[in-house]
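S.K.: Next come a sequence and a model predicted from it.
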Amino acid sequence: MSDNRFIDAVLDTMRSLTFKAIDVKELKRGDHIFCVSKPGFYSHHGIYVGNDRVIHFMPAKKTNAGAPLRACKNCGYKRKDHLEVVRTCLDCFHKKGFLSGTRLYLYRYGFSRLECQIHRTHCTQMQSCPADQVVARAEEIYESGNQFGKYNFILNNCEYFATYCKRGTAISTQVDQGVEYVREMIQRNIHRYQQLQNGDFCSSSR
């Protein structure tokens, strides 16, 4: 096994302690699925609509004038600079580009408060809408020519899109977790500054 494959296997094992991996054969229409970038910095989310197709929200790719756009042989998708809500095959969703080789995971709804505190990300206490309604909502946004707005990693990302389709309310646990991390860092630095102001130089190292 190559070093990269070994590292990927270790990361997948670690993620399995928190995330629920799902096999393609287990997917159901209306499932909110996601995959995680290899470094683990972010996750990409979408709604499985059946027949090997996923509707998901991603930043438009800016291409050079006259540059060819290669279409997927399976679903025909090619990344155009004016499309952001797209319908692709599962391979285009998680087996190509930066997310190549990563596993599929299921975003879970209807968790208890305790379970959400344990898992922290990629689960919610909110209940999902019925599968047909979830798929219809995703299809409507896609068919409308992208009424979900311009993609923004912080303010309007793929997780917002997927949770909106599932529940009608857009949330992003990865953004919330990032905000919480920044808040904790700020509070920690404020505490250290106050210690220095009070002349307590050694307390932080005890």
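M.R.: Received it, and whenever you're ready, just let me know what you need.

S.K.: C-alpha only now, for contacts and for neighbours.
M.R.: Will do.

S.K.: quick check, residue 47 in a helix?
M.R.: No. Applying DSSP: H, G, I helix; E, B strand; the rest coil, one finds residue 47 to be strand, outside a helix.

S.K.: so how many other residues sit close to the residue nearest to it when sequence neighbours are not counted?
M.R.: Distances taken as CA to CA, 6 or more residues apart in numbering place residue 32 nearest to residue 47, at 4.8 Å, with adjacent residues excluded. Each residue near residue 32 was counted by other CA atoms under 10 Å, and the total is 28.

S.K.: got it, and residue 84?
M.R.: 23.

S.K.: Show me what counts as buried in stretch 83-96.
M.R.: If you call a residue buried by 16 or more other CA atoms under 10 Å, then stretch 83-96 has these buried ones: 83-95.

S.K.: Kindly report the same for stretch 72-83.
M.R.: Judged by neighbour count (16+ other CA under 10 Å), stretch 72-83 contains these buried residues: 77-79, 83.

S.K.: how about the CA coordinates for it, as CSV?
M.R.: Extracted in CSV, the C-alpha atoms of stretch 72-83 (Å, rounded to 0.1, in the frame of the first residue of the first chain):
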residue,chain,number,x,y,z
CYS,A,72,-18.1,13.6,-17.8
LYS,A,73,-18.7,10.5,-19.8
ASN,A,74,-21.2,9.3,-17.3
CYS,A,75,-23.5,12.2,-16.6
GLY,A,76,-22.4,14.8,-19.2
TYR,A,77,-21.6,17.4,-16.5
LYS,A,78,-19.0,20.0,-17.3
ARG,A,79,-18.2,22.8,-15.0
LYS,A,80,-19.4,26.1,-16.5
ASP,A,81,-18.7,29.5,-15.1
HIS,A,82,-22.4,30.4,-14.9
LEU,A,83,-23.7,27.3,-13.0
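
S.K.: for the record, mean pLDDT for it?
M.R.: Per-residue pLDDT over stretch 72-83 has a mean of 78.

S.K.: in this structure, which spans are strands?
M.R.: Taking DSSP state E, the strands of the chain run over residues 20-21, 32-36, 43-50, 53-57, 85-89, 105-106.
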